[in-house]
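In: Next input, structure requested:
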Amino acid sequence: MTPPLQGLHVLDLSTVVSGPMAVALLADQGAAVIKVESVDGDTCRLIGPAKGDLSAMYVAVNRGKRSIALDLKAAAATPILQVLLRRADVVVSNFRPGVMDRLGLDDGTLASLNPRLIRLSISGYGEDGPAAGDKVYDAVIQAVAGVGASHRDQHTGHPGLVATLLCDKLTAITAAQAVTAALYARERDGCGRRVDVAMLDATLAFQWPDAMYNHVFIDAPLPHFPELGGTQKPWRTADGFVATMAPQQGEFAGQCRALGRPDIADDPRFASSRLRSRNALELRALLEPLMAQFSNAELQTAFRAHGAPLGQINERGAVLADPQVRHNQSLVEIEHGDLGRVRLARAAARFDGQTMPAPTPAAHLGEHGAQVLAELGYGAAEIATLVADGVLRLP
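Out: Numbers count the residues shown, from 1 in each chain. As a prediction, the model looks like this:
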């Protein structure tokens with residue numbers, strides 16, 4: 001099949017995770033991407049296990065892109081960037097507010113260079129406001145947006161942090177969707193648009209349906225309802241751990257039958273999802289010893305037979321061998337030049353039942369610089385001068 005974004009050209013000026021991952025999602029769906037890095041390279045190249053200048057994280061969020069390394073503060077880089085912007089459909093940045101202006105890439109300039117350009121700007125807190133100029137990383141947004149408060153230590157009650165770059169990644173997904181919406185609008189009116197996505201806003205939207213449900217009703221507020229996250233934790237089994245959820249009464253009854261105690265479903269304390277939340281500690285005390293009697297495999301068989309949801313807690317390495325993961329072909333292995341084979345998650349969306357083509361490799365720093373400049377009409381002598389002047393870095 002033809003990937004849905006084939007023919008789309010994206011200029012990626014972003015770094016670390018939120019912007020690069022958003023662009024990688026577009027690349028997965030067929031967009032042609034040129035990533036413009038500083039001559040020192042994206043910080044993400046230094047995070048996690050690495051082979052040379054390619055870390056595992058960099059490979060994952062910069063798959064399918066070509067790389068050119070430029071000193072954007074150098075005057076000689078400006079005409080290169082201007083040509084790239086004129087040829088692009090989308091430009092993505094995630095600098096702190098004001099940085100693009102100082103580079104001569106304020107929104108008015110971008111729009112005048114290319115009136116059809118979709119200009120995506122990702123920031124931590126937003127383009128203005130009391131914290132707009134502050135430096136931001138994932139853990140900072142987790143703290144401010146209430147994620148830390150939603151993941152408390154069950155013994156001490158202290159707030160915690162999710163051990164993954166949650167805010168960066170959900171911001172990336174939000175941003176990629178916003179770009180496609182802007183592109184759809186452009187099909188109707190031919191106009192480019194500026195799209196702003198703040199990590200704080202994206203995280204609050206993510207938090208609101210469940211983690212913040214006690215803060216929805218304003219008029220005649222209701223009594224505090226038990227926090228959803230406070231009642232959920234894995235169950236220890238005879239040989240590992242599992243996780244369950246049974247919001248529907250039929251599912252809860254099936255869970256009780258699977259554990260050999262159908263009578264628990266008839267207990268008035270557990271007659272609805274709401275009551276089970278309010279009496280979560282009592283329910284936990286009843287179910288914990290029952291869960292511990294069975295192996296993971298026995299529970300999976302019994303819960304499936306009674307229509308009750310259950311999942312085995314897979315350690316990270318076990319995810320690779322999970323039968324459904326393998327059936328879905330959720331992970332792909334690609335040849336990655338001097339790195340050997342690498343394993344990546346494939347694009348999740350299927351179109352007409354077909355998966356997207358496997359991603360292409362991430363690039364070494366500046367790997368395609370000479371190629372990109374040649375496409376723009378630069379000769380070998382001009383490229384050599386740019387390298388000698390420190391404007392362009394090649395591998």
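In: use CA for all of it now, contacts and neighbours both
Out: Noted.
In: In this structure residue 386 contacts residue 394, no?
Out: No: the pair residue 386 / residue 394 is not scored as a contact, 10.1 Å apart, by C-alpha atoms under 8 Å.
In: The stretch 51-200 of the chain: strands as residue ranges?
Out: 54-55, 65-70, 90-93, 118-123, 193-198 (DSSP state E, counting those that start in this stretch).
In: Let me know the pLDDT of the residue nearest to residue 8 when sequence neighbours are not counted.
Out: The spatially closest residue to residue 8, leaving aside those adjacent along the chain, is residue 31, at 4.8 Å (C-alpha to C-alpha, 6 or more residues apart in numbering). pLDDT, residue 31: 98.
In: per-domain residue ranges of this protein.
Out: For the chain, whose domains are defined here by automatic domain parsing, the residue ranges read 9-207+327-393, 237-312.
In: Turn these into a markdown table, columns for distance to residue 2 and mean neighbour count.
Out: Formatted as a markdown table, the domains of the chain follow (distance: least, C-alpha to C-alpha, whole Å; neighbours: other C-alpha atoms under 10 Å):
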| stretch | distance to residue 2 | mean neighbour count |
| --- | --- | --- |
| domain 9-207+327-393 | 8 | 18 |
| domain 237-312 | 35 | 17 |
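In: Residue 214: which of those is closest?
Out: Proximity to residue 214 (C-alpha to C-alpha) singles out domain 9-207+327-393 among the domains of the chain, at 11.5 Å.
In: roughly how far is the closest one from the heart of the chain?
Out: 11 Å (C-alpha atoms, centre = their mean, to the nearest Å).
In: and it, how far apart are its ends?
Out: Start and end residues of domain 9-207+327-393 are separated by 23 Å (C-alpha to C-alpha, to the nearest Å).
In: Kindly report the same for stretch 347-358.
Out: Using C-alpha to C-alpha, the two ends of stretch 347-358 sit 8 Å apart.
In: mean confidence score for it?
Out: For stretch 347-358, the mean pLDDT works out to 93.
In: Output stretch 68-77 as PDB - backbone C-alpha positions only.
Out: Output of stretch 68-77 as PDB, limited to C-alpha atoms (Å, rounded to 0.1, in the frame of the first residue of the first chain):
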ATOM      1  CA  ILE A  68      22.200  17.300   8.500                       C
ATOM      2  CA  ALA A  69      24.300  19.000  11.200                       C
ATOM      3  CA  LEU A  70      24.400  22.800  11.100                       C
ATOM      4  CA  ASP A  71      25.400  25.600  13.300                       C
ATOM      5  CA  LEU A  72      22.200  27.500  13.200                       C
ATOM      6  CA  LYS A  73      23.800  30.600  14.700                       C
ATOM      7  CA  ALA A  74      26.100  30.900  11.800                       C
ATOM      8  CA  ALA A  75      25.100  33.300   9.100                       C
ATOM      9  CA  ALA A  76      26.000  30.800   6.300                       C
ATOM     10  CA  ALA A  77      23.400  28.400   7.700                       C
END
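In: Quick one: residues in contact with that stretch.
Out: 34-39, 41, 78, 103, 365-369, 372, 386, 390-394 (C-alpha atoms under 8 Å, 6 or more residues apart in numbering).
In: Repeat the analysis, applying 6 Å as the threshold.
Out: Residues from elsewhere that reach stretch 68-77, judged by C-alpha atoms under 6 Å, 6 or more residues apart in numbering: 36, 37, 38, 39, 366, 368, 369, 391, 392, 393.
In: got the contact list for the fifth one?
Out: Counting by C-alpha under 6 Å, 6+ apart, residue 366 makes contact with 67, 68, 69, 393, 394, 395.
In: How confident is the prediction for it, by pLDDT?
Out: We have a pLDDT of 98 for residue 366.
In: Name the residue closest to the centre of this protein, please.
Out: Centroid check for the chain by C-alpha atoms, centre = their mean gives residue 169 as the closest residue, at 2.2 Å.
In: How confident was the prediction at that one?
Out: 98.
In: before we move on, what about the one 10 residues further on?
Out: Note on residue 179: pLDDT of 98.
In: any chance of the contacts of stretch 68-77 in a markdown table, with secondary structure and distance to residue 205 too?
Out: Listed next are the contacts of stretch 68-77 as a markdown table, based on DSSP: H, G, I helix; E, B strand; the rest coil; distance: C-alpha to C-alpha, whole Å:
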| residue | secondary structure | distance to residue 205 |
| --- | --- | --- |
| 36 | strand | 30 |
| 37 | strand | 30 |
| 38 | coil | 32 |
| 39 | coil | 36 |
| 366 | coil | 36 |
| 368 | coil | 38 |
| 369 | helix | 39 |
| 391 | coil | 41 |
| 392 | strand | 40 |
| 393 | strand | 40 |
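In: got any ranges where the chain has weak pLDDT?
Out: Along the chain, the parts satisfying pLDDT under 70 run over 229-231.
In: and residue 364, which of the three is it?
Out: coil (DSSP: H, G, I helix; E, B strand; the rest coil).
In: got the contact list for residue 199?
Out: Residues near residue 199 by C-alpha under 6 Å, 6+ apart: 124, 171.
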